[in-house]
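Participant: missing the sequence, but the structure's below:
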């Protein structure tokens, strides 16, 4: 498992770790029932506080991405396609919201945005 931390990012380190692991799970890079490194091992490996790793793991568990089994470690939970789809739809909604904000700021109409979307979508389908 590869985790890259950016000290220049405004995103807290625990959140960078959480997001990296979550993205690896959603992409299928980390499969169901894969054992994650122990909190101490990961902290030592990437030279981050144990408490930071624990916070990332705790949030991943609260969000349903991993499960911790007492005395055995943390494992990727079995993911279903509906859960993955829901996560990706939320991500798309965030992007669309940002597009709408930018369009409003520069008086770009809904029609213009939809034309651009359709053009780009069709172009990608033809490639």
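Facilitator: Received, thanks. On a predicted model such as this, the values are computed, not experimentally measured, just so you know. Residues are numbered from 1 along each chain as shown.
Participant: going forward, measure contacts between C-alpha atoms and count neighbours the same way
Facilitator: OK.
Participant: And the strands in this structure?
Facilitator: 66-69, 73-76 (DSSP state E).
Participant: can I get those in a markdown table with mean neighbour count and mean pLDDT?
Facilitator: Shown next, in a markdown table, are the strands of the chain (neighbours: other CA atoms under 10 Å; pLDDT from 0 to 100):
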| stretch | mean neighbour count | mean pLDDT |
| --- | --- | --- |
| strand 66-69 | 18 | 94 |
| strand 73-76 | 19 | 95 |
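Participant: Dump those strands to a markdown table, plus distance to residue 101.
Facilitator: Conversion of those to a markdown table gives the following (distance: least, CA to CA, whole Å):
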| stretch | distance to residue 101 |
| --- | --- |
| strand 66-69 | 34 |
| strand 73-76 | 36 |
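Participant: Relative to residue 39, which of those is closest?
Facilitator: strand 73-76 (8.8 Å; CA to CA).
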